[in-house]
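K.L.:
here's a sequence, model it:
(2 chains)
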Amino acid sequence: MTAVDRPGRRRSRRTLPGFTPTLGFTLFYLGLIVLIPLAGVFFKASGLGFAGIGQVIGSERVLAALRLSFGAAAIAALLNAVFGSIVAWVFVRYEFPGKRLFDAFIDLPFALPTAVAGIALTALYSENGWIGSVLAHAGLKVAYTPLGIVVAMTFIGLPFVVRTVEPVLREVERDLEEAAATLGARRWQTVLRVIAPAVFPALVTGFALAFARAVGEYGSVIFIAGNFPLVSEIAPLLIIIKLEEFDYPGATAVAATMLVLSFLLLLTINLLQAWTRKK
Amino acid sequence: MRFRHSAIRLVLAAALSAFVPGTQADLLNVSYDPTREFYKDINQQFAADWQAKSGQRTRIQTSHGGSGKQARAVIDGLEADVVTLALAYDIDSIAERGALLPADWQARLPNHSAPYTSTIVFLVRKGNPKGIKTWDDLVKPGVSVITPNPKTSGGARWNYLAAWGHALKASKGDAAKAKAFVTALFRNVPVLDTGARGATTTFVQRGLGDVLLAWENEALLSIGELGPDKFDIVAPADSILAEPSVALVDKNVARHGNRAEAEAYLNFLYTPVGQKLAAKHYFRPSKPELADPADLARFPKIALFRLDEVFGSWAQAQKTHFADGGQFDQIYQSK
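P.N.:
Just a heads-up that it's a prediction; the model follows:
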């Protein structure tokens, strides 16, 4: 109502109308859905004090779990960045029978309940599964080892990379490549100098999304991990274990640490992205 | 403007009313996983019995899940009128942390508030190829044992305590020997599933492991479901008396005004009908004389020891073995 009573005071500054209500709504919505629950985590953890949190985080078991969760998620996201972009490339540039169908398959890891994914992957990769039995001959154990965790995280992360890279790749016009070719660029030069710079920011976003999802993943990983303390125990499981002990502050301390680490990593990735855009 | 406001109000009201259930159950029983079929029968029989006695129709709802998770849900506000969980410790937690019922709840009903009991037995592959007969066979090299993580699974705590109790008795009370025994046993565990369901899947579907440590009622039930041609049950000479406990949640029944019905529901478990149904669903009835002898014949003879005899109480067992840095954590630290 104030805007109507005093016309011209705010209106002149913005070219688009409705800035104040939309900003207000955005902040309210973000606060309600994201910030308040997260603040709750930090509030619970703060009951321990800095020394207490340090003690929880500094323990051998928590450190091992954090290392595993972030390490495996990074490997899985890297794998997805490489193979996901190849998949995206194929989908954008080539026509083949059943393309639509395969295209739909890509999104399945989004839709599948994670527990189902976990059980299916474990069935495949355990020593009497289809893939697991072959790998076992080669002396490679996947299910119930950290390797299994990477497999599950790669599975759930794939669509993030494909779906972020795909539209950007579609924008990179063939003309550009042809122009590069007529100007005497070799194929690898075209890929490195023309296509890669255009796709890189989207690829980084896809990597970040896949990574963030994998770090927090619980449902699918838990079935394939083996869950041995210090070896294959992921940080989210440790949180559950602490909840089971009614150690809410301890659980939230681990959760808050994961949040801070994830936030810092995502921030770094965003900055990196902004920097490459500017270049 | 006014029109828009009332429109918004209307939409909000419609959205809110969608969340409020139109018809509510009269009694909510929060239970754990493998009691689903048992309580389905109980609810039906009790409703008939209650209507005959009080003239009231009643609808009972049962919620199932991992015992510890269910306890936490009740503490966090799930309005259970009665809880029927896998271990007394979970109800202790509700009494202690939620203050929803008195700490001495276990003395309020017969047989330590355990209308039916069970024990821990071994499920092995058909023909028992590894020749597993006793607890001591589980620590032999080359034997692979499937049991969930006692930190996340209430049922697995019974498994762990059964093994510990056996070793303690065999060594005439030597705690160091018991610890060595349980450590050796967990060295033979190839995967620590988070719950009993996961462990059963690992054993049955993945084909992993030579022996699954399981509740007797679940082992008998799964033999029935999976076909007796795939698995055998091996009863060790001694095991723990697993007492799934039941209790009235005082604060919640006071709020709902259904204390009489909730009390009748729990007492119903001790009646001949309740005891018969328990035995039918492979639980050992606390008053076997009331059950069907044919059902009782399915239970193997096992020397059962009570948790209190060996570990004092659940609170003590929890603190010594399953708390952060406790005996169980030490098994994996020393690796």
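K.L.:
when you work out contacts or count neighbours from here on, use the C-alpha atoms and nothing else.
P.N.:
Will do.
K.L.:
and the helix or strand where A:Gly84 lies, which residues are buried?
P.N.:
According to DSSP states H and E, A:Gly84 maps onto helix A:60-93. Buried residues in helix A:60-93, counted by 16 or more other Cα atoms under 10 Å in any protein chain shown: A:61-66, A:68-81, A:84-85, A:87-89, A:91-92.
K.L.:
pick out the residue of the stretch 51-200 of chain B closest to chain A.
P.N.:
The minimum distance from the stretch 51-200 of chain B to chain A, using Cα to the nearest Cα, falls at B:Val191 (4.4 Å).
K.L.:
check contacts around that residue.
P.N.:
A:Tyr144, A:Gly226, A:Asn227, A:Phe228, B:Ile146, B:Pro148 (Cα atoms under 8 Å, 6 or more residues apart in numbering or on different chains).
K.L.:
who wins for most neighbours among the residues you listed?
P.N.:
B:Pro148 (30 neighbours; other Cα atoms under 10 Å in any protein chain shown).
K.L.:
which non-adjacent residue is nearest that one?
P.N.:
Leaving out its chain neighbours, the residue that sits closest to B:Pro148 by Cα to Cα, 6 or more residues apart in numbering or on different chains is B:Asp193, at 4.5 Å.
K.L.:
tell me where the model's unsure across the chain.
P.N.:
I'll assume chain A. For chain A, the stretches flagged by pLDDT under 70 are A:1-14, A:279.
K.L.:
the chain in question should be chain B.
P.N.:
B:1-25, B:334-335.
K.L.:
what number of residues lie near B:Arg197?
P.N.:
What B:Arg197 shows, counting by other Cα under 10 Å, is a neighbour count of 14.
K.L.:
ok, now A:Ala274?
P.N.:
A:Ala274 has 12 nearby residues by other Cα under 10 Å.
K.L.:
show me which residues of the helix or strand hosting it are buried.
P.N.:
Here A:Ala274, judged by DSSP H and E, is contained in helix A:248-278. Within helix A:248-278, the residues that count as buried by 16+ other Cα under 10 Å are A:248-259, A:262, A:266, A:269-270, A:273.
K.L.:
residue contacts, the residue in the stretch 101-250 of chain A positioned nearest to chain B?
P.N.:
Proximity of the stretch 101-250 of chain A to chain B (Cα to the nearest Cα) peaks at A:Gly226, 4.4 Å away. Shown in contact with A:Gly226 (Cα under 8 Å, 6+ apart): A:Ala143, A:Tyr144, A:Thr145, A:Ser232, A:Glu233, B:Pro190, B:Val191, B:Leu192, B:Asp193.
K.L.:
do I have it right that the third one meets A:Ala225?
P.N.:
Yes: using Cα atoms under 8 Å, A:Thr145 is in contact with A:Ala225, at 5.7 Å.
K.L.:
neighbour-wise, which of the two wins?
P.N.:
A:Ala225 (28 against 18).
K.L.:
hang on, isn't that one packed against A:Met153?
P.N.:
No: applying Cα under 8 Å, one finds A:Ala225 not in contact with A:Met153, separated by 10.8 Å.
K.L.:
shared neighbours of A:Thr145 and A:Ala225, anything?
P.N.:
Common contacts of A:Thr145 and A:Ala225 (Cα under 8 Å, 6+ apart): A:Ser232.
K.L.:
how about the secondary structure of the closest residue to A:Ser133 other than its chain neighbours?
P.N.:
Spatial nearest neighbour of A:Ser133, excluding adjacent residues (Cα to Cα, 6+ apart): A:Glu127 at 4.9 Å. Assigned by DSSP: H, G, I helix; E, B strand; the rest coil, the conformation of A:Glu127 is coil.
K.L.:
do you know how far A:Glu127 is from B:Thr194?
P.N.:
Counting by Cα to Cα, to the nearest Å, the gap from A:Glu127 to B:Thr194 is 20 Å.
K.L.:
how about B:Asp329?
P.N.:
B:Asp329 is 15 Å from B:Thr194, by Cα to Cα.
K.L.:
same question for A:Leu78.
P.N.:
Distance from A:Leu78 to B:Thr194, by Cα to Cα: 29 Å.
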